[in-house]
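J.: Turn this into a model:
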Amino acid sequence: MADSLAENVAAEVRARRAVLRLTQHDLAQLAGVSERFVRFVEQGKPSIQLDSLIAVLDTLGLELNVTTRASQAARARAGAGSAEGATS
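T.: Next comes the predicted model:
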């Protein structure tokens, strides 16, 4: 799951940078991060600093949204509740 998030962020950053006609070097300078960091983001490296990622996204006019969805833990718990109700 984390890998797909990293890959989605990478694709969005690459696409937006291309639309804005920025090089990785340009983006790094504008966002105040290293060019290496920009490469890591665009490669979908799953372990990066959130504050630096937010700076890159902000520079590109992008934002990271967190929404509520059914988690694996919630589904497992609901399944356990259903099983208990069936045996009562």
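J.: For burial, what's the neighbour tally of residue 76?
T.: Residue 76 has 10 neighbours, counted by other C-beta atoms under 10 Å. Heads up, the C-betas are built off the backbone N, CA and C, glycines and all.
J.: avg pLDDT for the helix or strand it falls within?
T.: Assigned by DSSP states H and E, residue 76 belongs to helix 72-87. For helix 72-87, mean pLDDT rounds to 69.
J.: again, but for stretch 50-62
T.: 95.
J.: So which residues make contact with that stretch?
T.: With contact meaning C-beta atoms under 8 Å, 6 or more residues apart in numbering, stretch 50-62 is reached by 9, 12-13, 16-17, 20, 27, 30-33, 37-38, 41, 63-64.
J.: could you redo the last one with a cut-off of 7 Å?
T.: Stretch 50-62 is contacted by residues 12-13, 16-17, 20, 27, 30-33, 37-38, 41, 63-64 when judged by C-beta atoms under 7 Å, 6 or more residues apart in numbering.
J.: Tell me which residues of that stretch come out buried.
T.: Buried residues in stretch 50-62, defined by neighbour count with 16 or more other C-beta atoms under 10 Å: 52-53, 55-57, 59-60.
J.: any idea which of the residues you listed is closest to residue 5?
T.: Residue 5 lies nearest to residue 53 out of the buried residues of stretch 50-62, by C-beta to C-beta, at 11.0 Å.
J.: Check whether that closest one sits in a helix, strand or coil.
T.: helix (DSSP: H, G, I helix; E, B strand; the rest coil).
J.: same question, residue 33
T.: State at residue 33, reduced to three classes by three-state DSSP: coil.
J.: Around it, how many other residues sit close by?
T.: Residues within reach of residue 33, counting by other C-beta under 10 Å, total 21.
J.: repeat for residue 21
T.: 7.
J.: ok, now residue 14?
T.: Neighbours around residue 14, by other C-beta under 10 Å: 16.
J.: got it, and residue 40?
T.: Using other C-beta under 10 Å, residue 40 has 20 neighbouring residues.
J.: What is the longest helix along the chain packed up against?
T.: The longest helix of the chain (DSSP state H) is helix 2-19. In terms of contacts (3 or more C-beta pairs under 7 Å, 6 or more residues apart in numbering; DSSP states H and E), helix 2-19 is packed against helix 35-43, helix 50-60.
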